[in-house]
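In: here is a sequence together with a model predicted from it:
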Amino acid sequence: MKKILTVLILLMFILIGFRTIAIPHEKSFENDPLNMKVFSLEVIVEGGFLGYAVTIINTGTERVQGNFSIEILTDAMVVLFGANMSKERYLDLNPLNGLDTFKIQPLIGFGSATINIKGFFKDSEEEYPFEEISNGYAFVIYLICDETSISLP
């Protein structure tokens with residue numbers, strides 16, 4: 001009786017061991033590659049003589065091409081000219097620190113200012129909006145404001 005019980009226990013362990021062997025399933029799983037853009041832009045807006053200077057730097061590792069649009073609303077105590085400024089341009093920036101710098105139309109005003117910066121970058125696949133609020137001071141034809149840095153995406 002002890003021999004039969006021993007044989008049954010050994011057979012049970014052997015059969016349980018066979019169930020742990022991986023048997024490949026006929027259905028294979030194929031993952032599609034992730035289609036992710038690996039680009040990075042930094043938009044820097046700063047004040048100066050006669051308004052704003054905008055610098056766009058490609059900090060990513062791939063070439064950036066697309067339409068860039070920016071709109072700057074300046075709300076100061078007195079704004080004679082340039083309260084609402086906008087600019088559009090086509091970007092073609094090389095990887096790793098390719099840059100584009102431009103000025104936006106002049107601002108003539110006086111007083112403490114709230115600066116609302118918004119816009120978007122649109123490549124062939126997607127649109128990347130941005131918005132930022134900054135503070136500054138308009139002194140006739142010179143604009144003093146903090147350097148505002150915006151990162152995309």
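Out: Ah, there it is. Numbering: from 1, shown residues only.

In: where do the helices sit along the protein?
Out: With DSSP state H applied, the chain shows helices at 2-19, listed in chain order.

In: what's the single longest strand in the protein?
Out: Longest strand in the chain by number of residues, with DSSP state E as the criterion: strand 64-81.

In: would you mark the buried spots in that strand?
Out: Residues of strand 64-81 classed as buried under the neighbour-count rule (16 or more other Cβ atoms under 10 Å) are 64, 66, 68, 70, 71, 72, 73, 74, 76, 79. Every C-beta, even on glycine, is put in place using the N, C-alpha and C of the backbone.

In: next one: stretch 128-135
Out: Residues of stretch 128-135 classed as buried: 128, 130, 134 (neighbour count, 16+ other Cβ under 10 Å).

In: isn't the last one up against residue 47?
Out: Just to be clear, that refers to residue 134. No - with contact taken as Cβ atoms under 8 Å, residue 134 and residue 47 are classed as non-touching, separated by 9.1 Å.

In: any residues in contact with both of the two?
Out: Counting by Cβ atoms under 8 Å, 6 or more residues apart in numbering, the common neighbours of residue 134 and residue 47 are residue 145.

In: beta partners for residue 76?
Out: Note on residue 76: beta-bridge partners by DSSP bridges are residue 113.

In: hang on, the earlier thing: next one: the longest strand of the chain to chain centre, how far?
Out: 19 Å (Cα atoms, centre = their mean, to the nearest Å).

In: for that strand, what is the average pLDDT?
Out: Taken as a whole, strand 64-81 has a mean pLDDT of 90.

In: also stretch 109-119?
Out: The pLDDT scores in stretch 109-119 average 91.

In: ditto for stretch 124-143
Out: For stretch 124-143, mean pLDDT rounds to 88.

In: residues in contact with it?
Out: Judged by Cβ under 8 Å, 6+ apart, the contacts made with stretch 124-143 from elsewhere in the structure are 37, 43, 45, 47-52, 65-66, 74, 76, 79, 106-122, 144-146, 148, 150, 152-153.
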